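In: 3D model of this:
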Amino acid sequence: MTAGGVRAARKNAPPREDVLVAAMATIAERGLDGLTMAGLGRQVGMSSGHLLYYFGSKDELLLQTLEWSEAALGSRRRALLSRRGPARERLSAYVDLYVPDAARDPHWTLWLEVWNRSQTAGPQERDRQAAIEGAWHRDLVALLAEGISRGEFRAVDPDRFAARLRALLDGFSIQVAVGLPGLSRDGILDHVREFLADALTPGDRD
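Out: Model (predicted):
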């Protein structure tokens, strides 16, 4: 691309967030198979070449779209965790936010694709994915520690328990996201509530 072409691309390009919003909307409407650089470019008034100039690759576009979506989820998560009230209620809200709404949930569809592509990702891309996971983990650890300090939860290791709980949520969430038959979202939430009651309710083992 010539210097003049680069200047024109920068001048005419839509805001980065418009591209990410359009990408997520396409995933929600048509799935990942419906997301092409050419089609996305038509939606936002750019050529596929200009999109590749700004993002470098479809992998980078997907990762940036995931980061944008996670930023919105992170704001919601921090808001619900900062509410007053029992830690148990906020833990239930955390779980509800974590589990996908239904099969082909666009956020989880995107997450699964980024995970799949991470097999060939470089260290910087893996670090960015780890940062997303780390935010969910740290917030959960803090919530568990608060519940333990208040006597609402059994005295467990918050970090180890958070790792196990998130592994459980990931396993169930993947089943919902890919639409496996036999287990509904409500059924999964019941399983998780039962697990948390058994594992965290203070009792004779404390």
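In: and the helices in this protein, which stretches?
Out: Taking DSSP state H as the test, the helices found in the chain are 3-12, 16-30, 37-44, 48-55, 58-81, 87-98, 106-117, 123-149, 158-178, 185-200.
In: any idea which of these has the lowest pLDDT on average?
Out: Averaged per stretch, pLDDT over the helices of the chain is lowest on helix 3-12, reaching a mean of 41.
In: quick revisit: okay, the helices of the chain in CSV with mean neighbour count next?
Out: C-beta: built from backbone N, CA, C; applies to glycine. Formatted as CSV, the entries for these read as follows, by neighbours: other C-beta atoms under 10 Å:
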stretch, mean neighbour count
helix 3-12, 11
helix 16-30, 17
helix 37-44, 16
helix 48-55, 18
helix 58-81, 17
helix 87-98, 18
helix 106-117, 18
helix 123-149, 16
helix 158-178, 17
helix 185-200, 14
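In: can you pull the contacts of the residue nearest the centre of the chain?
Out: For the chain, the residue lying nearest the average C-alpha position, counting by C-alpha atoms, centre = their mean, turns out to be Glu70 (5.1 Å). By C-beta atoms under 8 Å, 6 or more residues apart in numbering, the contact set of Glu70 is Ile132, Ala135.
In: how near is it to Glu133?
Out: Note on Glu70: its distance to Glu133, by C-beta to C-beta, to the nearest Å, is 10 Å.
In: next: Ser82.
Out: Distance, Ser82 to Glu133, using C-beta to C-beta: 21 Å.
In: now Pro158
Out: 16 Å.
In: neighbouring contacts of stretch 109-117?
Out: Contacts of stretch 109-117 from elsewhere in the structure, counted by C-beta under 8 Å, 6+ apart, are 24, 27, 31-32, 59, 62-63, 65-66, 69, 129, 174, 177-178.
In: redo the residues you listed as TSV? Include distance to Asn116.
Out: As requested, those are arranged in TSV below (distance: C-beta to C-beta, whole Å):
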residue	distance to Asn116
Met24	18
Ile27	14
Gly31	14
Leu32	10
Asp59	10
Leu62	10
Leu63	12
Thr65	15
Leu66	12
Ser69	17
Gln129	12
Ile174	12
Ala177	12
Val178	12
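In: so which of the residues you listed is the closest to Ala199?
Out: Lowest distance from Ala199 to the contacts of stretch 109-117 (C-beta to C-beta) belongs to Ile174, with 21.3 Å.
In: hmm, back to that, between the contacts of stretch 109-117, which is nearest Thr201?
Out: Distances from Thr201 to those, taken as C-beta to C-beta, are shortest for Ile174 (27.4 Å).
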